[in-house]
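J.: Got a sequence here, can you build the structure:
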Amino acid sequence: MDINQLLLYTFLVYLFINYRKKENTEGFNGEITTKTCIQRILNYECMDVEKRELLNEDCNELQINTPSGLSNISCEDKDLFNTLICNKMISEGACDCDYGRKQIANSCNVAPLFIRCPSELKAKDLELVKKFKSLNSIVKKCNIEKTTTTILPYVITFIIIGIGLIILFYRK
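T.: Numbers count the residues shown, from 1 in each chain. Purely as a prediction, here's the structure:
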């Protein structure tokens, strides 16, 4: 056997192996479930024309709840696609930085999605919370029964001021 025959046989074996294989999607083992269809959408199969058609064919009969109601899983449903992408961004930590919060606010906090990042305490708010906790521990240490006449008006004043500050900072 010479080198040309060896190359020819190698090439034929290579073609046989590659053309026998079905096109596999990463993480997709051929079983069509709601979970695999959603994973395929999150793997951006809707961006490729051929994969888009296959996904629509495979998953169109499956249904999932979206903010606009029950819908079939397909690349054509923009609400489903946007919901999945927004949830993926949030789960990957988009809400941990200002840029991600702005992206979520601009792209996901629109009708009918209304997906937002959870509220976050700012540094000033955390400082106020620390002050209230320290004030609360001081109040607990005081024996209110013995000094009701002298400390109680101050404690009530501090509590009223504290509640007012909390309402002032959390008003949107």
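J.: Strands along the protein, start to end?
T.: Listed in chain order, the strands of the chain (DSSP state E) span residues 63-66, 69-72.
J.: Need the winner for burial among the ones you listed.
T.: The highest mean neighbour count among these, using mean count of other C-beta atoms under 10 Å, belongs to strand 63-66: a mean of 14. Using the backbone N, CA and C atoms, a C-beta is placed for each residue, glycine as well.
J.: so what secondary structure elements neighbour that one?
T.: Here strand 63-66 touches strand 69-72, helix 78-91, going by 3 or more C-beta pairs under 8 Å, 6 or more residues apart in numbering; DSSP states H and E.
J.: Against which helices or strands is the longest one packed?
T.: Packing contacts for helix 78-91, counted by 3+ C-beta pairs under 8 Å, 6+ apart, involve helix 34-42, strand 63-66, helix 98-107.
J.: Can you point out the buried residues in that helix?
T.: 80-86, 89-90 (16 or more other C-beta atoms under 10 Å).
J.: and that helix, C-alpha only, in PDB?
T.: The C-alpha trace of helix 78-91 is given here as PDB (Å, rounded to 0.1, in the frame of the first residue of the first chain):
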ATOM      1  CA  LYS A  78     -40.500  37.800  20.600                       C
ATOM      2  CA  ASP A  79     -42.000  38.000  24.100                       C
ATOM      3  CA  LEU A  80     -40.700  34.500  25.000                       C
ATOM      4  CA  PHE A  81     -37.300  35.300  23.500                       C
ATOM      5  CA  ASN A  82     -37.000  38.600  25.400                       C
ATOM      6  CA  THR A  83     -38.200  37.000  28.600                       C
ATOM      7  CA  LEU A  84     -35.600  34.200  28.400                       C
ATOM      8  CA  ILE A  85     -32.800  36.600  27.500                       C
ATOM      9  CA  CYS A  86     -33.700  39.000  30.300                       C
ATOM     10  CA  ASN A  87     -33.900  36.200  32.900                       C
ATOM     11  CA  LYS A  88     -30.500  34.900  31.600                       C
ATOM     12  CA  MET A  89     -28.900  38.300  32.000                       C
ATOM     13  CA  ILE A  90     -30.200  38.600  35.500                       C
ATOM     14  CA  SER A  91     -29.100  35.100  36.500                       C
END
